[in-house]
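**Q** Show me the folded form of this:
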Amino acid sequence: MRGSRRSAAPRYGKRAPAALLAGVCLCAPVLDACRQNTSQAATASQGSPSGVYNLPPLTEAAWAGGLQAGWKDEGWAERDLKNPGPAKLRLANLGGWNLRKQGLQGEFGGLALRYKAPSDYGDFLEVRLDSEGETLFPRVRVDGSHVARREGDWVQLFVPFEQLDPEKVPFTRIVIRAHKKVGNDWVELDQVGLTAPGGMTPAEGTAFAQQQTQPGEAPKALVEPVELAYDNGLQAGWEDHGWSMRELKGPTPAKLHLANLGGWILHKKGLRGDYGGLTLRYRAPSGFGDFLEVRLDSEGETLFPRVKLSDAYVTAREGGWTQVFVPMDELNPEKHPFTQLVMRAYKKVGDDTVELNQVGLARLVTPAAMAPQQTPQDAAAVGGGRVAFGDARAAKVVVDCTAPGHPISPLIYGIAFNNLRELKDTHQWELGATARRWGGNPSSRYNWKLGNVWNTANDYFFRNIVLGTSPQYTSDTFLQSNQQHGLQSALTVPMLGWVAKDSTSVSFPKALFGAQQKMDPDVTEAGNGLSSSGEALTPPLPTQTSVEAPPSFIHEWVRSIREKDKARGRSVQMYILDNEPMLWNTTHRDVHPEPATYDELLERTLAYGTAVRQADPDAVIAGPAEWGWTNYFNSAADVAPGGNKKDRKAHGNVPLLPWYLKKLNEYEQQTGTRILDVVDVHFYPQGDGIGFEERGATDPDTSARRIRSTRALWDPKYKDESWIDDKVELIPRIKRWIAESYPGRGLSIGEYNFGATGHMSGGLAQAEALGRFAEQNLTSAFHFTYPPYRSPTFWAFRAFRNFDGKGGRFQDTFVPAKFEKESDTQGMSLFASRSGDGKHVVAVALNLEPDAARNAQVELRGCGNLAQARVLGYAGEPSGFTERKSFLQSGGSLQVMLPPWSITVLDVTLAR
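**A** Residues are numbered from 1 along each chain as shown. Predicted structure coming up:
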């Protein structure tokens, strides 16, 4: 329990005309128009392009209907280079082509090339740069992410220079080859070259342009499903009709054979809603080109328009998948009732399957439409349900399944028990907590032999009391309750040396000390130990309230617990050596008025730790349970009046914790007895208004500081904004001390609390902390004590432990996630986890900004393709997490809108 705390585009002469036109819109099939020099060229360069992406101007063409000036043809594949015309290559047996030029200069955005290949080749190309030196350039396998557009059988590619030449090393060659065996048919290339700096940008007039933005711009619109008919499985109420041979096995994409103008119909009666259009996501052989047609239909005689899909409707491409959105104004301009979605091939294609994993009715929505239209009163009361100001801020984060992860200790989701609420509340069992800690200031004076008494210390008039709200409640009740609810137990064992002798004695009775500054209103004999003028009274003998509790007292207790465990199984998973010993001289000054020293802490740790170890050889022992910043470095004697850090100087001027660990390490080396398994410290953010449990200011400044204070746990750049005024970086710092002084110890945060547990700022701080505990690989952590029912802090636990009320939870392996821009980490966090079989990813995304929505693109790198995704969000509602419409996913990516001050869970099933 908390003790006394301080508050605290250039022009080129004879370059190919194609290169000039490419400056307007690279990747159009414009070579013939350029050569003819007719109005066709002008037409091609006017109006809105029909494709999905535009590219930067082509500033260094290597092949454009012929080899360009200064470039040499090299390579090993059979090739036919007739000028003018496409280059023809046979890439069977891993064939390839080199184009070389000396003295290449300038900044380039990427490599652009346009090719045509047999449809059965699939993704087969690899590109790289090369030089005469020994530099090894990255090999980039071309996939759907590099496709700027498809027109007929031609595919326009763009490979960014960040992938080809991340170190910006000089080069002289462009290498194009097959990375797998393909047939002996010709592969044609009519354009190869290097572009000006920049990347692919959405072409105006396309659905994709409505969604995508330049870096730093706010997103304009997103496709949001309203009524999905197929989502890796037929959805409720929808019927499968049609005339093509097909295979529907959920949860997988539908596989259709659309040869001979085949098609598919999805039928549902009674369709109602605000439909902006039809959306579908499909994968087809590249040789099919544009082949799909969509329309609506009904049981009546209405004829609905047929819409042939082209690049103008494409919203995303990734990994061979294409997502399209067709506005309802084109499908149903007269707004007739309809019951069917019809998809068919409008031209003959091969017999290869076409896959569709998502089909349905959707709408294009803007961030303004996504923001809450009105703030629910109950959410506003806890600081949630906030309306976003301005456009949503775009962010991209990569969840990298190819990077090393680590197991997450289940004990990081721990709480403390509240003796005053234990038998009144039940929601402590609904949090999803995995462990509970018996601790706090009174636990230093717990008498296990009497079973139900301890001393309240200076928290409440130094009184011996019956703990809890029932005389029958003991530490055994605590252990048994945890077992019954499937929670592990951490048990604080006293090493102060004194425990309560009864349930009624007080340390500063009025009969002995007279009236004092404050008297207990319920037990008027009990004073606070301060004179009426506020001076500390000399304490009585410890025997006024207590009996001695030497190491043998603890040894006997642990032995009794283990004896009972023979019938019930192990009941204590961690023993903690007392509570905040460097505050004993204030918290328990009635029995320990002298400030503890380096040597006393070590001596008591050795004596009482040995008692625990001998009684339970397999015990996990934690300590020293110090309260905070000051006593990570100094003893109580150092910081007491006149202390002047003399104690620390007498011990080599080594900070307390590393000294303590080093001495315990030496003891183990000398005796073979391991005393300490886990380093336990407490963490309470300091500063005016932060508060404790439900208490704490919730004005904008304090709320923002409360959320930022979590950075003191992990961020080496964060300078604490309280009287500490230093870079705390608690977890990394203590891990360094462990590595240097006593390797192999775990790390536990035995107490922490961010205050304002009933406010969104407290809930967000809690969710951030749980994510960091997983990221930083802590052994355990215990929130003090537990949050109010259905409060934001309650739901912060549930985000990780039971977000859907059906056991949905953060998985057991932590997966690193990294934001594309460092600046995005200041207002947003995302923590990701993965199941052992790799088929399930759960991420918790936090928008820490009070007034700005976030549009987050989440890439699951190396995790597998999305099969299903649920999005559940919370922004202050007492009802907790509710399922939200997810934005349509593409391959290994999904997009989510995060309201201001919100917690969002992404629950993803992967196809592997």
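**Q** from here on, contacts and neighbour counts on C-alpha atoms
**A** Fine.
**Q** And the helices in the stretch 301-450 of the chain, which stretches?
**A** Applying DSSP state H, counting those that start in this stretch to the stretch 301-450 of the chain gives helices spanning 328-331, 367-370, 377-381.
**Q** Pick out the shakiest of these, pLDDT-wise.
**A** Among these, helix 367-370 carries the lowest mean pLDDT, at a mean of 45.
**Q** Could I get the phi/psi values of residue 145?
**A** Backbone geometry at residue 145, expressed as degrees, to the nearest 10, gives phi -70, psi -20.
**Q** hang on, it packs against residue 317?
**A** Yes: contact between residue 145 and residue 317 holds when scored by Cα atoms under 8 Å: they sit 6.6 Å apart.
**Q** Give me the more crowded residue out of these two.
**A** Neighbour count, other Cα atoms under 10 Å: between residue 145 and residue 317, residue 317 has more, with 24 against 16.
**Q** wait, doesn't the more buried one sit right on residue 323?
**A** Yes: counting by Cα under 8 Å, residue 323 is a contact partner of residue 317 at 6.3 Å.
**Q** Are there helices or strands packed against the helix or strand containing residue 553, and which ones?
**A** Here residue 553 sits within helix 551-568, counting by DSSP states H and E. Helix 551-568 makes packing contacts with helix 598-615 when contacts are defined by 3 or more Cα pairs under 8 Å, 6 or more residues apart in numbering; DSSP states H and E.
**Q** Give me the residues contacting the helix holding residue 553.
**A** Helix 551-568 has contacts (Cα atoms under 8 Å, 6 or more residues apart in numbering) with 448-449, 493-495, 570-571, 607-608, 611-612, 614-616.
**Q** try 6 Å this time
**A** Helix 551-568 is contacted from outside by 608, 611, 612, 615, using Cα atoms under 6 Å, 6 or more residues apart in numbering.
**Q** Got the confidence number for residue 797?
**A** According to the prediction, residue 797 has pLDDT 98.
**Q** That one - that's part of a helix, no?
**A** Yes: inclusion of residue 797 in a helix is indicated when DSSP: H, G, I helix; E, B strand; the rest coil is applied.
**Q** For residue 664, see how far away it is.
**A** 35 Å (Cα to Cα, to the nearest Å).
**Q** Those two: which has the busier surroundings?
**A** With neighbours defined as other Cα under 10 Å, residue 797 and residue 664 compare such that residue 797 has more, 24 against 21.
**Q** any idea how far that one is from residue 122?
**A** 46 Å.
**Q** just residue 598 next, same as before
**A** Distance from residue 598 to residue 122, by Cα to Cα: 70 Å.
**Q** Check residue 498 too.
**A** Distance from residue 498 to residue 122, counting by Cα to Cα: 77 Å.
**Q** Between those two, point out the one with more neighbours.
**A** For residue 498 and residue 122, the more surrounded residue by other Cα under 10 Å is residue 498, and the numbers stand at 22 against 15.
**Q** so what's that one closest to, chain neighbours aside?
**A** Distances taken as Cα to Cα, 6 or more residues apart in numbering place residue 548 nearest to residue 498, at 4.6 Å, with adjacent residues excluded.
**Q** what's the average pLDDT for the helix or strand where residue 637 lies?
**A** For residue 637, the host element (DSSP H and E) is helix 636-639. Average pLDDT, helix 636-639: 98.
**Q** Could you pull up the mean pLDDT of the helix or strand following that helix?
**A** Following helix 636-639 in sequence order, the next helix or strand is helix 646-649 (DSSP H and E). Across helix 646-649, pLDDT averages out at 98.
**Q** Could you give me the buried positions within the helix or strand following helix 646-649?
**A** Using DSSP H and E, the helix or strand that follows helix 646-649 towards the C-terminus is helix 656-671. Within helix 656-671, the residues that count as buried by 16 or more other Cα atoms under 10 Å are 656, 657, 658, 659, 660, 661, 662, 663, 664, 665.
**Q** Send me helix 656-671 as PDB with only the CA atoms.
**A** Taking C-alpha atoms only, helix 656-671 is exported to PDB below (Å, rounded to 0.1, in the frame of the first residue of the first chain):
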ATOM      1  CA  LEU A 656      20.600   0.400  -2.900                       C
ATOM      2  CA  LEU A 657      19.000  -2.000  -5.400                       C
ATOM      3  CA  PRO A 658      22.100  -3.000  -7.300                       C
ATOM      4  CA  TRP A 659      24.000  -3.300  -4.000                       C
ATOM      5  CA  TYR A 660      21.300  -5.500  -2.600                       C
ATOM      6  CA  LEU A 661      21.300  -7.700  -5.600                       C
ATOM      7  CA  LYS A 662      25.000  -8.100  -5.700                       C
ATOM      8  CA  LYS A 663      25.100  -9.100  -2.100                       C
ATOM      9  CA  LEU A 664      22.400 -11.700  -2.600                       C
ATOM     10  CA  ASN A 665      24.300 -13.000  -5.600                       C
ATOM     11  CA  GLU A 666      27.500 -13.300  -3.500                       C
ATOM     12  CA  TYR A 667      25.500 -15.100  -0.700                       C
ATOM     13  CA  GLU A 668      24.200 -17.700  -3.200                       C
ATOM     14  CA  GLN A 669      27.700 -18.200  -4.600                       C
ATOM     15  CA  GLN A 670      29.100 -18.800  -1.100                       C
ATOM     16  CA  THR A 671      26.300 -20.900   0.400                       C
END
